[in-house]
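Q: sequence first, predicted coordinates after that:
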Amino acid sequence: MQKEEFFQLTDKINDGSANEAELELYIKYFNSFQTSSVWDEKEMGDEQTRGQMLLAAIDRSIAAPLPVKRLKLNLKWVASIAAILVVAVAAFWFINVNHPVVDNVANYANQTSTNTNELIQLPDGSTVILSAGSTMSYSSIPGKIPVREVKLKGQAFFDVKHIDQQPFIVRTESVTTHVLGTAFEVNANGGKIIVTVARGKVGVTKDGKQLGMLTPNKQVIYDKARDKSTIHDINAKKTSSWSNGDLVFTNITVGHAANFLQQRFNVNIIVKDEALAKQQFTTKLFENQSLTEILTLICDFNNAEYTFNESTKLVTIKPKN
């Protein structure tokens, strides 16, 4: 495809006039770049410009109906986070704008207590550390290309499970954050909205205008009063240090708890039994608790036992005999 043809097709997708065959051609062209993590500006134009256009398209389409007729897409999603995000956004926008509604929406709402952070496991497998006093709602719209959407008031750290062709969107009062699978923090307290990326790549928009495409240890700060945004280099671990405080586990599976503890204590944890890994429990962790204290607590709740090899940093959890 020539550069001029690519731009013409992009314009048709943006204004809603592209047909299904043109959309498939567009996606196939993007797929040809997915073996490289480098955006080819010579062939595809400026990444920021393309990202802004397509992220704006998904913003306009979120409230649109779900499809009756759905496009069959067979994509190989690899390597380039930027290309993956653009393809998913373009496909979702096309399908939702051009077809009427039939499906229901699955919802999840949660509000923390006033003085304790809470670890929440979302239905899609993602986890959220919700800051004390913050409120969050989650919607999952089923379909060929479902959208996972969170509305947040306050502060939260997200560890998003990567699911092909399923964008994950966090909405605050003023800005919207778009990802597929990554770890990032959103702080919507006060007069500024701050998005910080720990892993992966994140697009941040306001009213369809892109504020930034962020990579690890990058942060965008949007000042609501001045309607201005700035991007900074930061240490994401230090920024999210609040999430290491007291923490309530609410209906968390043993498997998700293990994943969380791996990140916090820099160890490897294996849950030997599949049924045990899916078992849910609720408890509270305190900031200064050691790994062994927490493991003992989790095992007591779930009739399990663990071994810890300190030299290899390997923890094994299995059902009690």
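A: Thanks, I have the structure now.
Q: show me what contacts residue 318?
A: 271-273, 276, 304-306 (C-beta atoms under 8 Å, 6 or more residues apart in numbering). C-beta: built from backbone N, CA, C; applies to glycine.
Q: now, of the residues you listed, which are buried?
A: The neighbour-count criterion (16 or more other C-beta atoms under 10 Å) marks 271, 276, 304, 306 among the contacts of residue 318 as buried.
Q: from those residues, which land in helices?
A: residue 276 (DSSP state H).
Q: now render the buried ones among the contacts of residue 318 as JSON lines, adding pLDDT and distance to residue 212.
A: Conversion of these to JSON lines gives the following (pLDDT from 0 to 100; distance: C-beta to C-beta, whole Å):
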{"residue": "271", "pLDDT": "96", "distance to residue 212": "38"}
{"residue": "276", "pLDDT": "96", "distance to residue 212": "42"}
{"residue": "304", "pLDDT": "96", "distance to residue 212": "44"}
{"residue": "306", "pLDDT": "97", "distance to residue 212": "42"}
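Q: and the buried ones among the contacts of residue 318, which two are furthest apart?
A: Within the buried ones among the contacts of residue 318, 276 and 306 form the most distant pair, 11.0 Å apart (C-beta to C-beta).
Q: joint contacts of those two?
A: 317-318.
Q: counting neighbours, what do you get for residue 170?
A: 26 (other C-beta atoms under 10 Å).
Q: can you check residue 244 too?
A: 14.
Q: in terms of contact, does it touch residue 287 like I think?
A: Yes: look at residue 244 against residue 287 with C-beta atoms under 8 Å: they come within range, at 6.5 Å.
Q: give me the number of residues near residue 12?
A: Neighbour count for residue 12, taken as other C-beta under 10 Å: 15.
Q: hmm, I typed the wrong one, I wanted residue 287.
A: The number of residues near residue 287, taken as other C-beta under 10 Å, comes to 9.
Q: tell me how this protein divides into domains.
A: 3-98, 106-239, 246-319 (automatic domain parsing).
Q: looking at those domains, which has the lowest confidence?
A: Per-stretch mean pLDDT for the domains of the chain is lowest at domain 3-98 (a mean of 48).
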